[in-house]
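**Student:** any chance you could fold what I've pasted below:
(one chain, ligands or ions: 3)
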Amino acid sequence: MYCEDTIAAISTPVGEGAISIVRLSGPEAIQAADRLFAGKRTLSEVPSHTMHYGRIVDPGTGRTIEEAMVSVMKKPKTFTREDVVEINCHGGLTSVNRVLELVLDQNVRLAEPGEFTKRAFLNGRIDLSQAEAVMDLIRAKTDQAMDVAIGQVEGTLSRLIHQLRQQLLDILAAVEVNIDYPEYDDAEVVTGRLLRDRSIAVRKQVDHVLSTARQGKILREGLSTAIIGRPNVGKSSLLNHLIHENRAIVTDVPGTTRDIIEDYVNIHGIPLKLIDTAGIRETEDTVEKIGVERSRTALKKADLVLLLINYHEELTEGDRQLFTLIGETPAIIILNKTDLSGGVSIDAVEKLAAGRQIVRISLLNEQGIPELEESIASLFFKNGVTQNEEAYVSNTRHIALLKKARSAISDAIEAADQGLPVDMAQIDIKRTWDILGEIVGDTVSDSLINELFSKFCLGK
Ligand SMILES: Nc1nc2c(c(=O)[nH]1)N(C=O)[C@@H](CNc1ccc(C(=O)N[C@@H](CCC(=O)O)C(=O)O)cc1)CN2
Ligand SMILES: Nc1nc2c(ncn2[C@@H]2O[C@H](COP(=O)(O)OP(=O)(O)OP(=O)(O)O)[C@@H](O)[C@H]2O)c(=O)[nH]1
Ligand SMILES: [Mg+2]
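**Tutor:** Numbering: from 1, shown residues only. Ligands and ions are numbered 1, 2, ... in the order given. The predicted structure is shown next:
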């Protein structure tokens, strides 16, 4: 076992609730709890993984301070792989804090943020990527993000990384054998080719998992979605409809929205960060001008653009400019106000849309909104997210390391291509192995480990 101290923390959210849990972990967890526990049996004698009713008594004064249910879990089959005790108290801040204070008087110290999970990692129950996924699980905003995180807690990404590292070791071993026992005169050439082919196979798998990164990032952070369009086309009305709330001010005065308004909404499991912007036009109004500038900035940062066009009016020069402005960003063209007579040239819009989806809606009559939501979802997840057991990568640290590994293995491939001595490529392959090891925490520094875990919640 790696850790000596016994630690404790409140593992439930701070605030009022039905039950709050003080969790202890470490060699003295059971004895410490026993000193405070008054029940039918002493905790050190109960079977592991059982729960017991009793009172929590201040050993100093003999006064009962809580009525509790206490779980006893003996190592190694526990969350931390150490002895774990969980004291289930009545909800509310005072009681659980008093219990924690008493626990901390029993030669137990307060856990650092993430320290329970860190111990699970240090004691080998989970690897680093799984520990990070525990954190993602807590922060997941949608069902899909949750599924990805659960998959990683269960080790889908870890398994892939371990397989890739094994393949790299196999390459190194094969190369060694060929070098030590050259059966042919052209051993060097044969070895170079083997190394190259197998490295390419590894790179292909790295590329594949990296290709899931975009979806992963969207699931984690939400899709930054800018609603843009000329003044008065109905941008704020659209925001309000999508979030089912009258958040943004809607009037018939063009130039109503001056500042950026943001809100989160969940569309078919995809978290969108909707950004309502000021209608983009040339203006002399100082405030509106700033708003328009902000719209342009939001547009640049957007993952998705919802471009609104007024169905009732002819296309203006302003509309045309917006199509140029969105550039390569994924976009959906929305014709709004279809309750009014058609004034826009559909042909012209189709030409400008250049293959992008065009959706007709009337926010006044509440028509076309489900179809719009469908388009948004299909644009990003054509086949759904969680249909398979595939490894997804969504963590920025993991993505950066995978890119670094890709570049290292590419160096090996290039060296082989150029016919350089095999030991050059061997170094690159070893380096790739190291980099991938950082993802699962095999080849990672203590300071990085401390930094990663310190970002966790207290009590996790
Ligand atoms: N009360 C309580 N609920 C909780 C947690 C907890 O710590 N306490 N968890 C905290 O996040 C989550 C559950 N996660 C856990 C993960 C592994 C083990 C565990 O004991 N694993 C052992 C043995 C498993 C077994 O019996 O088969 C192991 O992997 O060796 C426990 C909880 C969510 N719910
Ligand atoms: N007839 C009709 N009117 C609509 C529709 N959608 C919005 N409007 C009206 O159009 C006007 C402008 O709507 P807003 O949502 O404020 O437009 P905006 O694009 O946010 O405008 P700015 O903030 O000024 O850029 C309001 O009077 C809305 O009621 C629609 O589908 N049909
Ligand atoms: Mg507006």
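**Student:** C-alpha from now on. contacts and neighbour counts both.
**Tutor:** OK.
**Student:** ligand 1 contacts on the stretch 1-150 of the chain?
**Tutor:** Lys77, Thr78, Phe79, Arg125 (C-alpha under 6 Å from any ligand atom).
**Student:** once you drop chain neighbours, what's closest to the second one?
**Tutor:** When you say that, I think you mean Thr78. Val84 (6.8 Å; C-alpha to C-alpha, 6 or more residues apart in numbering).
**Student:** select only the buried ones of the residues of the stretch 1-150 of the chain next to ligand 1 in ChimeraX?
**Tutor:** In ChimeraX, a selection of the buried entries from these looks like this (16 or more other C-alpha atoms under 10 Å):
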select :78,79,125
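**Student:** need the residues of the stretch 1-150 of the chain next to ligand 1 in TSV with secondary structure and pLDDT, can you?
**Tutor:** Listed next are these as TSV, based on DSSP: H, G, I helix; E, B strand; the rest coil; pLDDT from 0 to 100:
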residue	secondary structure	pLDDT
Lys77	coil	97
Thr78	coil	97
Phe79	coil	96
Arg125	coil	94
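**Student:** from the residues of the stretch 1-150 of the chain next to ligand 1, which is closest to Val134?
**Tutor:** The closest of these to Val134 turns out to be Phe79 (C-alpha to C-alpha; 11.8 Å).
**Student:** can you get me a residue count around the closest residue to Ile270 other than its chain neighbours?
**Tutor:** Of all residues not flanking Ile270 in the chain, Leu219 sits nearest, at 6.5 Å (C-alpha to C-alpha, 6+ apart). Around Leu219 sit 24 other residues, with neighbours defined as other C-alpha atoms under 10 Å.
**Student:** cool, Val250 as well?
**Tutor:** So Val250, with other C-alpha under 10 Å, has 17 neighbours.
**Student:** need the longest strand for the protein.
**Tutor:** Identified as the longest strand of the chain according to DSSP state E is strand 64-73.
**Student:** returning to what we had before: just send the residues of the stretch 1-150 of the chain next to ligand 1 back as TSV, with distance to Val393 too.
**Tutor:** Formatted as TSV, those follow (distance: C-alpha to C-alpha, whole Å):
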residue	distance to Val393
Lys77	28
Thr78	27
Phe79	24
Arg125	21
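**Student:** measure the residue nearest to Thr78 to Val57 for me?
**Tutor:** Distance, Val84 to Val57, using C-alpha to C-alpha, to the nearest Å: 20 Å.
**Student:** the two: who's more crowded?
**Tutor:** Legend: neighbour count by other C-alpha under 10 Å for Val84 and Val57, higher for Val84 (29 against 19).
**Student:** contacts only, for that one.
**Tutor:** Listed by C-alpha atoms under 8 Å, 6 or more residues apart in numbering, the contact partners of Val84 are Arg23, Leu24, Ser25, Gly26, Ala29, Ile30, Val72, Met73, Lys74, Lys75, Thr78.
**Student:** tell me which element the nearest residue to Arg247 once chain neighbours are set aside falls in.
**Tutor:** Among residues not flanking Arg247 along the chain, Asn240 sits closest, at 5.9 Å (C-alpha to C-alpha, 6+ apart). According to DSSP states H and E, Asn240 maps onto helix 235-243.
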